[in-house]
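1. Predicted model, plus sequence, below.
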Amino acid sequence: MAEAIDQKAQIADPYTMDLRDIDVSRPELMQHGVHWDYFARLREEAPVHYCENGMFGPFWSLTKFNDIMAMDKNHHDFSSDLGIVLPDRQEDFKTPNFIGMDPPKHDVQRRTVQGVVAPVNLAKLESTIRSRAAAILDSLPVGETFDWVDSVSIELTTQMLATIFDFPFAERRKLTYWSDMATSGELAGGPTPEADRRAALLECLEYFTDLRKRRANEPLKSDLLSMLAHGKDTQNMPPMEFLGNLVLLIVGGNDTTRNSISGGVLALNQNPGEYEKLRDNRELITNMVSEIIRWQTPLAYMRRTANRDIEFGGQQMKEGDKIAMWYISGNRDSEVIPDPDRFWIDRPRARHHLSFGFGVHRCMGNRLAEMQLRVLWEEIMQRFRMVEVVGEIERVQSSFVHGYASMPVRVHPW
């Protein structure tokens, strides 16, 4: 604990720094919750900011809502093809996936799997989500302190991941492990050594390759793996591309919902007036879910690469330049979102946020994520007057995943 406090104390005040020295990709900023002032200064003084000596090399940062939306929708000038996170992919361990591709290849691969979140399938999933959420909440130890992240956030999202992959249910925590390993590598500022990360991902590939062979010999079903095994554009994917798409779908289904579940509990604890508002009117849950997703912004940025020399936001970018679109900053842009630092569960136009992206890469699982959060909070409010945070939370060491490693809580029945 003392070491963590010392590290936080050593983080500079961004308003005392030379703008050129600000590097918002440093993972300790979000790990210690001190990133907001860094982004606020960039929005005010350098909304299209160049960091020449970043920990991942030189890159541009976009921090304003409208700039991010404009770039997100312009795949002609700004490519996704070189990856979604700031470090360049290692030449000997490339894992391409459709979010890191440009049209038309992106479109055909995405089309193969997006049926899993089609409205008819979402309607079928809702009762499953509700029964599982109810069982998880009913198992919680009333009157005792426990870790909300592990007992609820991870458990519910992992159960749903196992369902949409039709993954062996008893081994579902493998999905959580692989997701964590994929996003916590040392090359991206996380604590996991690269050799360990690669070993875990190769284990994931081996496991899913065996499952895919079995699904290919079975009739097509509505789970993601069956769709990949039968899709004409995905059934013969090279191994590393198959792994890349698996990691994309696992992380997309795990980190986003998992950290929004935890983030919502924290936000309500930090804003007791909003919690009281929720107790008085549970019909606010649907709108609150959108506000939680904006407030948390569980994946902090996506990366683009300039396809050509181009002027953007008054700055001259060069072909090949790396760019980070900081959704977490755009979601606090007061020019677009009124009073953005306020957590406001009945916020007007709450769904107008950047957390799901825009354009061809808009998150295909956005409705599933919203549904999981809505159903969970409906079940929480039937059982508990409050989920109280009772100790110090631990945040994830990452500049990409804006999330929580642990959150001690106690539940209070009505």
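-> Alright, I've got the coordinates.

2. Low-confidence stretches in the stretch 51-200 of the chain?
-> 82-84, 88-121 (pLDDT under 70).

3. can you give me the helices for it?
-> 65-72, 105-113, 119-138, 148, 155-165, 173-183, 194-216 (DSSP state H, counting those that start in this stretch).

4. quick one, which of these is nearest to His402?
-> Nearest of those to His402, taken as CB to CB: helix 173-183 at 11.0 Å. Quick note: C-beta positions are derived from backbone N, CA and C, even for glycine.

5. which of the residues in that closest one are buried?
-> Going by neighbour count (16 or more other CB atoms under 10 Å), the buried part of helix 173-183 is Lys174, Leu175, Thr176, Trp178, Ser179, Asp180, Met181, Ala182, Thr183.

6. same deal with stretch 126-144?
-> Ile129, Arg130, Arg132, Ala133, Ala134, Ile136, Leu137, Leu140.

7. Reformat those as JSON lines; add distance to Lys232.
-> JSON lines is the format used below for the buried residues of stretch 126-144 (distance: CB to CB, whole Å):
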{"residue": "Ile129", "distance to Lys232": "31"}
{"residue": "Arg130", "distance to Lys232": "35"}
{"residue": "Arg132", "distance to Lys232": "33"}
{"residue": "Ala133", "distance to Lys232": "36"}
{"residue": "Ala134", "distance to Lys232": "40"}
{"residue": "Ile136", "distance to Lys232": "38"}
{"residue": "Leu137", "distance to Lys232": "42"}
{"residue": "Leu140", "distance to Lys232": "45"}
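
8. Just flag the most distant two among these.
-> Top of the distance list for the buried residues of stretch 126-144 (CB to CB): Ile129 and Leu140, 17.1 Å.

9. residue at max distance from the center of this protein?
-> Farthest-out residue of the chain from its mean C-alpha position, per CA atoms, centre = their mean: Asn217, at 33.2 Å.

10. Quick check, pLDDT for that one.
-> Per-residue confidence (pLDDT) for Asn217: 92.

11. Distance-wise, check it relative to Arg294.
-> Remark: distance between Asn217 and Arg294 (CB to CB, to the nearest Å) = 44 Å.

12. Also Gln315?
-> 27 Å.

13. returning to that earlier point: how about the helices of the stretch 51-200 of the chain, which one is nearest Arg43?
-> Using CB to CB, the helices of the stretch 51-200 of the chain put helix 65-72 closest to Arg43, at 9.2 Å.

14. what residues does the closest one touch?
-> 47-48, 62, 78, 302, 304, 312-313, 323, 325-327, 330-331, 333, 335-337, 354, 357-359, 361 (CB atoms under 8 Å, 6 or more residues apart in numbering).

15. Filter the residues you listed down to the buried ones.
-> 47-48, 62, 78, 302, 304, 312-313, 323, 325-327, 330-331, 333, 336-337, 354, 357-358, 361.

16. Surely Ile129 touches Leu373?
-> No - Ile129 lies out of contact with Leu373 (CB atoms under 8 Å); the separation is 9.9 Å.

17. can you list residues touching both of these two?
-> By CB under 8 Å, 6+ apart, no residue touches both Ile129 and Leu373.

18. on that earlier part again, more neighbours, Gln315 and Arg294?
-> Neighbours around Gln315 and Arg294, counted as other CB atoms under 10 Å, are more numerous at Arg294. The numbers are 26 against 14.

19. so that one is in which element?
-> helix 285-296 (DSSP states H and E).

20. What average pLDDT does that helix get?
-> Mean predicted confidence for helix 285-296 is 98.

21. Using CSV, write down the CA coordinates of it.
-> Extracted C-alpha coordinates of helix 285-296, given in CSV (Å, rounded to 0.1, in the frame of the first residue of the first chain):
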residue,chain,number,x,y,z
ILE,A,285,-32.3,2.1,-14.6
THR,A,286,-32.3,2.1,-18.5
ASN,A,287,-31.1,5.7,-18.7
MET,A,288,-28.7,5.1,-15.8
VAL,A,289,-27.0,2.3,-17.7
SER,A,290,-26.0,4.6,-20.5
GLU,A,291,-24.7,7.2,-18.0
ILE,A,292,-22.6,4.5,-16.3
ILE,A,293,-21.1,3.4,-19.7
ARG,A,294,-20.2,7.1,-20.5
TRP,A,295,-19.0,7.7,-17.0
GLN,A,296,-16.8,4.6,-16.9
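
22. now for that helix, which elements pack on it?
-> Secondary-structure packing of helix 285-296 (3 or more CB pairs under 8 Å, 6 or more residues apart in numbering; DSSP states H and E): helix 239-270, helix 366-383.

23. of all those helices, which gets the most neighbours per residue?
-> Of those, the one with the most neighbours on average (mean count of other CB atoms under 10 Å) is helix 239-270, at a mean of 23.

24. That one to helix 173-183, inter-axis angle?
-> 90 degrees (axes from the mean of the first three to the mean of the last three CA atoms, to 10 degrees).

25. I'd like to check the angle between helix 239-270 and helix 155-165, please.
-> Using the same axes, to 10 degrees: helix 239-270 against helix 155-165 is 150 degrees.

26. now helix 239-270: how far from the chain's centre is it?
-> With CA atoms, centre = their mean, to the nearest Å as the basis, helix 239-270 stands 5 Å off its chain's centre.

27. Touching the helix or strand that that helix is followed by from outside, list them.
-> Using DSSP H and E, the helix or strand that follows helix 239-270 in sequence is helix 272-280. Applying CB under 8 Å, 6+ apart, the contact partners of helix 272-280 are 267-269, 284-285, 288, 343-346, 381, 385-386.

28. Among the contacts of helix 65-72, which lie within strands?
-> Members of the contacts of helix 65-72 lying in strands (criterion: DSSP state E): Val48, Leu62, Phe78, Met302, Arg304, Phe312, Ile323, Met325, Trp326.
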